[in-house]
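>>> based on what follows, work out the 3D shape:
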Amino acid sequence: MAISIDRRSFLRASGAVVASGAFAGVGRSRTAAGFGSAQTHPIKIAVKYGMVGTNDPRLSGASMADRFQLLKQIGFDGVELDSPAPYEADEVRAASAASGLPVHGVVDSVHWNKRLSSPDEAVRREGIDALAGAIRDAKDFGGSSVLLVPGKVGGDDETQEHVWERSIAGIREVLPIASELGIHILIENVWNGFCYDHGGGADQTADLLAEYIDAIGSPWVGVYYDLGNHQRFGKPADWVRRLGRRVVKLDVKGWGIEAGFCKIGDGDVDWADVRKALGEIGFSGWATAEVGGGGEERLAEIKERMEKALRG
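Alright, predicted model coming up:
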């Protein structure tokens, strides 16, 4: 039987964990049999669009269509864009159609500055409007999700409890749009102090993040789990198991005590256990690299490292 710990005690103390909530079935299910085999490949590999051509003068003048085509030639399954961004939906759709490379989603790229957890109601309103715009962009670009950081813990005006309550209120405002357009709002675990103790140890669990998702109570809200971001605070494979089918998509990077944030496959992440955990929860879907980008050679290296980490 699960042992329940009062959530508000955690939020006030910023250090404890809570018991599990109801199991939210927002992800795509799949049996573990054959997971990651060369024939099935249930994980689709993508990159963030901003990684394409970084610090490579050969791609400085390349069009979106050219960049999409390069990713397709390297063997990526898709790409993720930002919202708002300096490109129009017609350009995105044309590049995708010409290359055969789908856009699987967008990142709400203003969620740090226009935080849903801000003590300023006007800023929160800007954040809500930006989230609604990102949902529309995801639909217009042909994607299925928006990556969202729900807030940042800091000071007396943005405590754990503030982030929890304000972000849920903001997300619920846009759920009718998400439902109408068929777009998931996916919460990413980052170093924002929310749903974990930033000064705590390396054995923290995903209990509070699971409860947060369940508290929103919508099939359109899940987790965009970053496999490297919380290596410092807990084992990624254990977080995957605890979050279960709340995990809809993955971000992929490395992290280690000595290396810090690093290339995929370097650092301390136990990728074999991650693969095992993903199989156990029946994960099937998108995994997107979030590391330093570059030109063709660097992007090919990223793809090779992702395949080794996620497919073995």
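
>>> so Ile45 sits in a strand?
Yes. Ile45 sits within a strand when classified using DSSP: H, G, I helix; E, B strand; the rest coil.

>>> residues contacting it?
75-78, 287-289, 303, 306-307, 310 (CB atoms under 8 Å, 6 or more residues apart in numbering). All C-beta atoms are positioned from the backbone trio N, CA, C, and that covers glycine.

>>> hmm, try it at 7 Å
Residues counted as contacts of Ile45 (CB atoms under 7 Å, 6 or more residues apart in numbering) are 76-77, 287, 303, 306-307.

>>> now those as CSV including secondary structure?
Shown next, in CSV, are the contacts of Ile45 (three-state DSSP):
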residue, secondary structure
Phe76, coil
Asp77, coil
Ala287, strand
Lys303, helix
Met306, helix
Glu307, helix
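
>>> quick check: PyMOL command selecting the buried ones in these.
Typed into PyMOL, the next command selects the buried ones out of the contacts of Ile45 (criterion: 16 or more other CB atoms under 10 Å):
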select buried, resi 76+77+287+303+306+307
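
>>> need the pLDDT of the residue most central in space within the chain.
Nearest to the mean C-alpha position of the chain, counting by CA atoms, centre = their mean, stands Tyr224 at 3.0 Å. Looking at Tyr224, its pLDDT is 98.

>>> distance of it from Arg245?
Going from Tyr224 to Arg245 by CB to CB, to the nearest Å gives 14 Å.

>>> then Leu81?
Using CB to CB, Leu81 is found at 26 Å from Arg245.

>>> quick one: low-confidence ranges for this protein?
1-41 (pLDDT under 70).

>>> apply 90 and report the result again.
Counting by pLDDT under 90, the low-confidence segments of the chain come to 1-42, 312.

>>> neighbour count: Leu81 and Arg245, which is higher?
Between Leu81 and Arg245, counted using other CB atoms under 10 Å, Leu81 has the larger neighbour count: 22 against 18.

>>> list the contacts for the more buried one?
49, 92, 103, 106, 141.

>>> quick check, nearest of the residues you listed to Glu161?
Val106 (28.9 Å; CB to CB).

>>> list the contacts of the helix or strand where the closest one lies.
Using DSSP states H and E, the element containing Val106 is strand 103-108. The set of residues external to strand 103-108 that reach it, using CB under 7 Å, 6+ apart, is 46, 78-83, 92, 96, 130-131, 134, 137-138, 141-148, 286.

>>> and it, which strands flank it?
Sheet pairing for strand 103-108, assigned by DSSP bridges, gives strand 78-83 (parallel), strand 145-148 (parallel).

>>> which residues in the chain form strands?
43-48, 78-83, 103-108, 145-148, 184-188, 221-226, 247-252, 254-256, 260-262, 285-289 (DSSP state E).

>>> before I go, just wanted to say thanks for your time.
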